[in-house]
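Asker: Can you look at this prediction? I've put the sequence above it.
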Amino acid sequence: MRRRLILPTIPLALAGLLLTGCAVTGLTTTGSDTSSSSGDATSTTAQVTVDSDLDATAVLAADDEATVVADDDWTADDAVEITLSGSTAEASGDGVEVSGSTVTIGAAGVYRLSGDLDGAVVVAAPDDAQVVLILDGVDIANTAGAAISVTTADDVVISLADGTQNTVSDASSYDDAAAANAAIYADADLTLTGSGSLDVTGNGNDGIASTDDLAITSGTITVDAADDALRGKDALVISGGTLDLTAGGDALKSDDDEDATRGYVWISDGTVSATSGDDGISAATDAVVTGGTVTLRAQGAADAGSKGISAGVEVAIGGGTVDVTATDDGLHSDGSIGITGGTATVAAGDDGAHAANTLDVAAGSLTIAESTEGLEATDILIRGGETVVTSSDDGLNGSGDAGSGSTAGGGGGGMSDTGETITISGGTLTVDAGGDGIDSNGSVTVTGGDIVVWGPTMQGNGALDSNGGFSVSGGTLLAVGSAGMAETPDADAAQAWIAATISGSAGDEIEITDADGTVIASATAAKQFETVVFSSSEVAAAGTYTVTVAGESVEVTAGEAIAGGMGGGGMGGPGEMGQPGDRSGAPSDGGENS
């Protein structure tokens, strides 16, 4: 793993938001105070350690700056004209050698290419040379190898002339020993720019590849590649342009896994649409989006592990619009994931967002529209922004290799607190889960935010499920689900809560009133349910409240758990409807999930 400063704790104090209802939740509360304090946060039984900063800016600051040649770093005024003519070419100046159908550029400078060539353009300039190739309406097809290849140079620019259409294509296959194995291949830093268009067909392997940095700043670029569409070994950075990518392998890739400051993909602007047989974005270290519009369709076979965005260290989304559809995980990191801005929408065949370490939503919008498990990580933090999760299994799953932990307090059943954490301190969170709504193999701590959980309809799962305790000291929480494994917050929670056994169906109104008949919360049910758990600053310890659903009412006392359910962090008695209170560990039965 690469360098990252690990802090012993993180501040979780954020001003709360008054939940006025959203399209999915429909929860309305009156006078709720969802503010939290750092004092509340420190009461959690397991302290969270996260990377020094998962903000996209901080992630990029730790990476080696990519080489990008700006348009004002060169001029086309004295460009050498190269006219391509089928199997040969002619040049108007020095620095160009034509041998049969191979055009070799051997000196620094600016070269304008036009015409058609059944052959190759090769850049073999001095190691310190900057070479600019202006493609001014070219069609270069090489059935024997790469169409454009750079064997030596320092920096190479491919500029697409305004108003021109350019095409390149390569051989149908490459020998395993071939160095240049892409339609456009550079053993140097490569920048693509210009206002024209470029169609690239990578018949034998990759579309556009660089062994150093690959940067795209503008242009309309279409790539159809047998393997990877775009690959910058040290870095792949996109700051503009319109890209339409089709790849048999990864669509956007950076694969330097030997240098901790390289191997990253960064999209800061432009429009990227990609369909891939493997990952949409694959980064050995960091995958970062700070702007632009990114649409990824990772549609390999279900068992092929096709992920939308995959990173070895960090996935950081700080801006822009990201739309991911993947047969495997939508967002995946072997390290951590940070959402600090922008809008991300994910439909995944497996996890919506999966991080081995920390998954932190601090701002922006994250919608998991489809998933098996919505958010999964050793430590999950919701600190701000808007998060909506739909899952066929657990909505939020705090699961990972966090150590042996200690036996969970509060109940039998033998399940232990293994140290994972789910901490919610701000923002809005809506969960619609087929399995457990919020499930931690360790603890759950709520200090702020507005939370609505539409939990499971099947028994053996619960809207809330923790092994190490469920602490509530702020915010607003409504958890609705089945009865068999219904868990309530800790008995000694700093903020009072109520729990009721009452049934309803999708579309029914849930209304909670205090002893004076004042409505303190209401919501329209998203699905069938049997239990309601609610906590906010409007609930007074030991107060009496009435929960009404479709004309039926039940009176409850704050702090009293559901009969047959579970208190925070432990097993209760047998489940309702004749179902045993079993937590044997199968992913669909409310136990520990991997």
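Answerer: Sure thing, it's come through. Numbering: from 1, shown residues only.

Asker: Residue 127: neighbouring residues, count only.
Answerer: 8 (other CB atoms under 10 Å). Every residue, glycine included, has its C-beta placed from N, CA and C.

Asker: and it, what does it touch?
Answerer: Contact analysis of residue 127 by CB atoms under 8 Å, 6 or more residues apart in numbering lists 152-154.

Asker: Secondary structure element holding it?
Answerer: Element membership of residue 127 [criterion: DSSP states H and E] is none; it lies in no helix or strand.

Asker: Distance from the longest helix anywhere in the chain to the middle of the chain?
Answerer: Using DSSP state H to define each element, the chain has its longest helix at helix 56-61. Centroid separation for helix 56-61 versus its chain: 16 Å, with CA atoms, centre = their mean, to the nearest Å.

Asker: what's next to that helix, contact-wise?
Answerer: Applying CB under 8 Å, 6+ apart, the set of residues contacting helix 56-61 from outside is 52-53, 264, 266, 286, 288-290, 314, 316-319, 338, 340-341.

Asker: Show me the beta-bridge partners of residue 86.
Answerer: For residue 86, the beta-bridge partners are residue 117 (DSSP bridges).

Asker: my guess is it contacts residue 140, does it?
Answerer: No - contact between residue 86 and residue 140 fails when scored by CB atoms under 8 Å: they sit 11.3 Å apart.

Asker: Quickly note the distance from the residue nearest the centre of the chain to residue 116.
Answerer: Nearest to the mean C-alpha position of the chain, by CA atoms, centre = their mean, lies residue 331 at 3.4 Å. Applying CB to CB, to the nearest Å, the value for residue 331 to residue 116 is 43 Å.

Asker: coming back round to it: out of the contacts of residue 127, list just those in strands.
Answerer: Judged by DSSP state E, strands contain the following of the contacts of residue 127: residue 152.

Asker: Of the contacts of residue 127, just say which sits nearest to residue 490.
Answerer: Nearest to residue 490, judged by CB to CB, of the contacts of residue 127 is residue 154 at 62.4 Å.

Asker: which residues in this structure form helices?
Answerer: With DSSP H as the criterion, the chain has helices spanning 38-41, 56-61.

Asker: ranking the contacts of residue 127 by neighbours, who comes first?
Answerer: residue 153 leads the contacts of residue 127 on contacts (other CB under 10 Å) with 24 neighbours.

Asker: what bridges to residue 546?
Answerer: With DSSP bridges as the rule, residue 546 is bridged to residue 513, residue 555.

Asker: how close does it get to residue 503?
Answerer: For residue 546, the distance to residue 503 (CB to CB) stands at 16 Å.

Asker: picking up where we left off before, restrict the contacts of helix 56-61 to the buried ones and give me that as a PyMOL selection.
Answerer: Only the buried members of the contacts of helix 56-61 end up in this PyMOL selection, burial being decided by 16 or more other CB atoms under 10 Å:
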select buried, resi 53+264+266+286+288+289+290+314+316+317+318+319+338+340+341
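
Asker: quick one: least confident of the contacts of helix 56-61?
Answerer: Lowest in pLDDT among the contacts of helix 56-61 is residue 52, which has 49.

Asker: Low-confidence regions, the stretch 301-450 of the chain specifically.
Answerer: For the stretch 301-450 of the chain, the stretches flagged by pLDDT under 70 are 401-415.

Asker: next one: the stretch 451-594 of the chain
Answerer: Applying pLDDT under 70 to the stretch 451-594 of the chain flags the ranges 564-594.

Asker: do that again at 80, thanks
Answerer: The model of the stretch 451-594 of the chain has pLDDT under 80 over residues 484-485, 563-594.

Asker: That one: strands as residue ranges?
Answerer: For the stretch 451-594 of the chain, the strands defined by DSSP state E, counting those that start in this stretch cover 464-466, 470-472, 476-481, 497-504, 509-513, 519-524, 529-535, 544-549, 552-557.

Asker: now these in CSV, with distance to residue 112 and mean neighbour count?
Answerer: CSV is the format used below for the strands of the stretch 451-594 of the chain (distance: least, CB to CB, whole Å; neighbours: other CB atoms under 10 Å):
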stretch, distance to residue 112, mean neighbour count
strand 464-466, 66, 31
strand 470-472, 68, 27
strand 476-481, 64, 28
strand 497-504, 72, 21
strand 509-513, 70, 19
strand 519-524, 65, 19
strand 529-535, 69, 26
strand 544-549, 74, 19
strand 552-557, 79, 13
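
Asker: Residue 295 is nearest to which of those?
Answerer: With CB to CB as the criterion, residue 295 lies closest to strand 519-524 of those, at 32.2 Å.

Asker: And that closest one, what does it pack against?
Answerer: strand 28-29, strand 476-481, strand 509-513 (3 or more CB pairs under 8 Å, 6 or more residues apart in numbering; DSSP states H and E).

Asker: 10 Å instead?
Answerer: Helices and strands touching strand 519-524, by 3 or more CB pairs under 10 Å, 6 or more residues apart in numbering; DSSP states H and E, are strand 28-29, strand 476-481, strand 509-513, strand 529-535, strand 544-549.

Asker: on that earlier part again, what is the residue nearest to the centre of the chain paired to in the beta sheet?
Answerer: Residue 331 has the following beta-bridge partners by DSSP bridges: residue 309, residue 353.

Asker: rewinding a little: so for residue 86 and residue 140, which residue has more residues nearby?
Answerer: residue 140 (25 against 11).
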